[in-house]
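Asker: give me a model of this one.
(one chain, ligands or ions: 1)
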Amino acid sequence: MSLLYPHLPSSSALHEGTRLLITGGIIEVYRRVFLFLATSVVDRISLTASFDEDDPMYNWLLYWLSRRPVWRQARDIEVTTRHYGLEADHSPHPWLPIKDDTRDTSKAMSYLPRVDKTYHMWYKRRLMLVNRVVNSTSTSSYARKSEYLYIRIFAFNHRILGELLDEARSEYKTAKENLISVWASNSMNNWINITSNPKRTTDSIILDPGVKEMLLEDTREFLDSQSWYTARGIPFRRGYLLYGAPGSGKSSTIQSIAGALGLDVYIVTLSRAGLDDNSLYELIGGLPKRCIALMEDVDAAFSKGITRSLPRSDDSEGDAGATEKPPLMELQDPGARVTLSGLLNALDGIGAQEGRLLFATTNNFSALDPALRRPGRMDVHVEFKLASKYQAKEFFKCFYVPAGRGADIASPGPGTLEKLLPGVRRPHALPAADDAVKGLEDLAARFAEIIPDRELSMAALQGYLMKYKIRPQDAVDDAPGWVKLELGGEGGEERHESE
Ligand SMILES: Nc1ncnc2c1ncn2[C@@H]1O[C@H](COP(=O)(O)OP(=O)(O)OP(=O)(O)O)[C@@H](O)[C@H]1O
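Answerer: Below you'll find the model as predicted:
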């Protein structure tokens, strides 16, 4: 002990040590209290909202963020070709140093907040913190990354957040005005925006007179009549079955209707691997309020065809049968397990989304189960046939004077007619607009005379005219030879000549 004694701290050193300890403790307590108070104050004067990437709002906000001037000064940013569902949006990006070339086929770029970094910016004179986070979930069977966006705004109430969301939504909607978004489901049963296409004008779809107008009027009227349906207790949904020849414009018509109504298209692929009755039910239940649900080639999803032998005259019986009998349909894809009754339930069961337009297409109408095509599920049936002479003529005109350019022909600027109708040989010199229109009319009429009625598809006509993009006269001159070839030689020619 006497040996240790000189190494023990003196009483004054002990005193100093204790003092230091207590002072440190007090400072730490103050620090914690300060932090606690600061956090409570910040929590009271700010609000935080989180957005999941699977939610459309996430895209609205990312698009809105990408167009803020804050990125001009930021030193740590993500440069991306992400398109937020606006792939075909070519509006110039305000803050990009590199100008997008519209002829460039590569994707447009934009700036974004980098993942796991917090950015400060001002919104309507309020401080706003933006943070993007990626969470990974992995189980033995799958690994998935999901992205979240956190926005903290210093404000006492939700008004400013509401204004921000409204602004983001309307900026996004404006950018999307001329586009339609196409959605499909992923293996996790979430709707993913796969692309967005420029709207196709209804003028560019050439159907028999009245068909397009009927479809447009019917869909518009349906969307405007929710209260009518509610008052009568009729489920507010409507199904359209477009059937007939391949390449006759079924899908294109649906696209143009979606554009005209401003609705997004949600593709339901019944043969998707891993899709079963429950997930189909869930998927259809997760459709937004107003949209077009599209089931293409609805018969082809089932390898044995929809051939249940039920009396066609009594569809209600067939309907009951659909739930009682085991389904006779099997899917081509062994991984997919949707049954007929599962499909019927998803279409009009309790979980079926109200307010949606369902479009189904098929090349084989008679292969569809009567229960699937009965009114209530498919209310409107439209047959798409091979091209008529009327369609051939109108399509020819539309092909050489794209929709919306008719006005240019009526009052052409310098050189417009040469550009629009480069190959039309007119009897009189340009720029006589009447002559140009007449020249095109004459060519279109000659073309329609050559095309046999209901023997070639519109897609085939389009494919042929594509070879004569700016040579309408040659397209007409060469048409007889092409028709002969298409219809299989002499027989084709005889058929044509006999008309
Ligand atoms: N009636 C039409 N009017 C204008 N273009 C058409 C028409 N029909 C077909 N086309 C053109 O032909 C191509 C194929 O058309 P679309 O895919 O709409 O046919 P579909 O009937 O859906 O074919 P499928 O049954 O094989 O899916 C499109 O590029 C489209 O522009």
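Asker: correct me, but Trp71 touches Met121?
Answerer: No - Trp71 is not in contact with Met121 according to C-beta atoms under 8 Å; the separation is 9.5 Å. (Each C-beta comes from the backbone N, C-alpha and C, glycine too.)
Asker: so those two - more neighbours on which side?
Answerer: Trp71 (21 against 18; other C-beta atoms under 10 Å).
Asker: regarding the residue found closest to Asp348 once you drop the neighbours it is linked to in the chain, what is its secondary structure?
Answerer: Sequence neighbours aside, Arg377 is the residue nearest to Asp348 in space, at 6.1 Å (criterion: C-beta to C-beta, 6 or more residues apart in numbering). Of the three states, Arg377 takes coil under DSSP: H, G, I helix; E, B strand; the rest coil.
Asker: so Arg377 sits against Leu347, correct?
Answerer: Yes - counting by C-beta under 8 Å, Arg377 does reach Leu347; the two are 5.3 Å apart.
Asker: which residues do those two both contact?
Answerer: Residues touching both Arg377 and Leu347 by C-beta atoms under 8 Å, 6 or more residues apart in numbering: 239, 358.
Asker: neighbour count for these two, which is higher?
Answerer: Between Arg377 and Leu347, counted using other C-beta under 10 Å, the more crowded position is Leu347 (24 against 21).
Asker: the more buried one: what's it in contact with?
Answerer: 239, 284, 358, 372, 377 are the contacts of Leu347 under C-beta under 8 Å, 6+ apart.
Asker: apply 7 Å and report the result again.
Answerer: 358, 377 (C-beta atoms under 7 Å, 6 or more residues apart in numbering).
Asker: which elements pack onto the strand or helix carrying Tyr30?
Answerer: According to DSSP states H and E, Tyr30 maps onto helix 11-45. If contacts are counted by 3 or more C-beta pairs under 7 Å, 6 or more residues apart in numbering; DSSP states H and E, helix 11-45 sits against no helix or strand.
Asker: partner strands of the next helix or strand after it, parallel or antiparallel?
Answerer: Moving toward the C-terminus from helix 11-45, the first helix or strand encountered (DSSP H and E) is strand 46-52. Take DSSP bridges as the rule and strand 46-52 pairs in its sheet with strand 143-154 (antiparallel).
Asker: what's the angle from the partner strand to helix 11-45?
Answerer: Strand 143-154 and helix 11-45 are oriented at 90 degrees to each other (axes from the mean of the first three to the mean of the last three C-alpha atoms, to 10 degrees).
Asker: tell me how many other residues crowd the residue of the stretch 101-250 of the chain found nearest the ligand.
Answerer: Per C-beta to the nearest ligand atom, Gly249 is where the stretch 101-250 of the chain lies closest to the ligand, at 2.7 Å. Gly249 has 26 neighbours, counted by other C-beta under 10 Å.
Asker: contact partners for it?
Answerer: Gly249 neighbours (C-beta under 7 Å, 6+ apart): 205, 207, 384, 458.
Asker: tell me the domain ranges of this structure?
Answerer: Following automatic domain parsing, one gets these domains for the chain: 47-177, 192-384, 389-498.
Asker: how about Thr269, nearest residue that isn't a chain neighbour?
Answerer: Once flanking residues are discounted, Thr269 sits nearest to Ala184: 6.8 Å by C-beta to C-beta, 6+ apart.
Asker: residues of the protein that sit close to the ligand?
Answerer: The chain has residues 205-207, 246-252, 361, 363, 384, 395, 458-459, 462 near the ligand, with proximity defined as C-beta under 6 Å from any ligand atom.
Asker: mind running it again at 5 Å?
Answerer: 205-206, 246-252, 458-459, 462 (C-beta under 5 Å from any ligand atom).
Asker: adding pLDDT and secondary structure, write the residues you listed out as TSV.
Answerer: TSV is the format used below for these (pLDDT from 0 to 100; DSSP: H, G, I helix; E, B strand; the rest coil):
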residue	pLDDT	secondary structure
Ile205	95	coil
Ile206	96	coil
Pro246	95	coil
Gly247	95	coil
Ser248	96	coil
Gly249	96	coil
Lys250	96	helix
Ser251	95	helix
Ser252	95	helix
Met458	97	helix
Ala459	97	helix
Gln462	96	helix
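Asker: burial of the residue nearest to Thr269, as a residue count?
Answerer: The number of residues packed near Ala184 is 16, by other C-beta under 10 Å.
Asker: how about Met188, phi and psi?
Answerer: phi -90, psi 10 (degrees, to the nearest 10).
Asker: in this structure, where is pLDDT below threshold?
Answerer: 1-9, 82-109, 137-144, 301-336, 349-353, 402-435, 489-499 (pLDDT under 70).
Asker: cutoff 50 now
Answerer: Low-confidence segments of the chain (pLDDT under 50): 88-90, 92, 95, 97-100, 102-105, 303-333, 426-431, 491-499.
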